[in-house]
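Asks: following is a predicted model, sequence given first.
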Amino acid sequence: MTAAPEKTDAEPRVVLSARGLRKEFAGFVAVGGVDLDVHHGKIHALIGPNGAGKTTVFNLLTKFLPPTGGRIELLGQDITRTPPAKVARMGLVRSFQISAIFPHLSVLDNVRVALQRPNGLATQFWRPAGALDVLTPRAFELLETVGLAEAAHRLAGDLSYGRKRVLEIATTLALDPKVLLLDEPMAGMGHEDVAVVAGLIRSLAADRAILMVEHNLDVVAELCDWITVLQAGKILAAGDYVTVSTDERVRVAYMGTEDE
Ligand SMILES: Nc1ncnc2c1ncn2[C@@H]1O[C@H](COP(=O)(O)OP(=O)(O)OP(=O)(O)O)[C@@H](O)[C@H]1O
């Protein structure tokens, strides 16, 4: 028997897909039939004006909201009706805002607490001192990955805003995501932090897929391989930055003018 040819990077594989994704709230169509393919090794942006349905799509993909229609597949498995915690364990992980970190714990402990979740230790929060020590090497590895190792023993709450976001991303890596969903990762950041987080996101995309909602179009242009533009719950355009940014419908709908 001949083995199936292995997929190469030249032919990136779809790790997350949605077909006909739909969500109605009491008759109001927030997401009206969205098709999406997210590829391993690629950074995919979801953009669109306020109220376009970006957050709702994120909530549907991560199963925080049940869809009213359509189908979602993760790594070839139908997850349309799978509960959120299971979807996260399967590798679809969403980065929350910095409120997800514990400000009174050290940077290292934030990551160790995150690491105990996939190990099924979440219910043992009040364990004897030292019980998390076994997680320390892996926690340091993750802090190295995101460039926070030297801040390991600082209180998380004392980090700059941008570094808090970086720490939060490190805690999501504890779940070893195959697909990482980032909701406005650059929101509220200055130029310097944006550059740091952009570099981090690029490095994280090397061995996983990234889907991000991002309002900063400079970041999208610089970072993203593929862009899906939503408007009023539907896909207005999709393609690389040049394709979508020169699309007249996108310019009118998203940028708000035909002349810019
Ligand atoms: N739970 C809900 N109940 C009713 N309507 C909702 C609910 N959640 C979202 N909507 C509506 O669905 C539409 C899409 O909202 P959503 O938050 O997904 O848009 P968005 O593109 O993320 O917007 P923004 O950029 O402002 O965050 C909006 O009109 C919103 O008012």
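Replies: Okay, I see it. Residues are numbered from 1 along each chain as shown.

Asks: did I read that right, L16 in a strand?
Replies: Yes - counting by DSSP: H, G, I helix; E, B strand; the rest coil, L16 is found in a strand.

Asks: beta-bridge partners for it, please?
Replies: Beta-bridge pairing for L16 (DSSP bridges): V38, L74.

Asks: looking at it, it is touching V179, isn't it?
Replies: Yes - at 4.8 Å, L16 counts as touching V179 under the criterion of CB atoms under 8 Å. Every C-beta, even on glycine, is put in place using the N, C-alpha and C of the backbone.

Asks: which residues do the two both contact?
Replies: Shared contacts of L16 and V179, defined by CB atoms under 8 Å, 6 or more residues apart in numbering, comprise V38, L74, L92, A209, L211.

Asks: can you name the two of the residues you listed that sit furthest apart?
Replies: L74 and L211 (11.7 Å; CB to CB).

Asks: so what sits against both of the two?
Replies: In contact with both L74 and L211: L16, V179, using CB under 8 Å, 6+ apart.

Asks: between these two, which one's more packed in?
Replies: Neighbour totals were compared for L74 and L211, and L211 leads with 27 against 21 (other CB atoms under 10 Å).

Asks: would the more buried one count as being in a strand?
Replies: Yes - the assignment for L211 (three-state DSSP) places it in a strand.

Asks: now do it against V31, distance only.
Replies: Applying CB to CB, to the nearest Å, the value for L211 to V31 is 15 Å.

Asks: now for the spatially closest residue to D225 that is not a sequence neighbour: which residues touch it?
Replies: Spatial nearest neighbour of D225, chain neighbours left out: K42 (4.4 Å); criterion: CB to CB, 6 or more residues apart in numbering. Counting by CB under 8 Å, 6+ apart, K42 makes contact with P12, A205, A209, I210, D225, W226.

Asks: burial measure for the fifth one, as a count.
Replies: Using other CB under 10 Å, D225 is surrounded by 15 other residues.

Asks: with the last one instead?
Replies: The burial count assigned to W226 is 21, neighbours taken as other CB under 10 Å.

Asks: repeat for the fourth one
Replies: Using other CB under 10 Å, I210 is surrounded by 25 other residues.

Asks: what do you get for the third one?
Replies: A209 has 26 neighbouring residues, counting by other CB under 10 Å.
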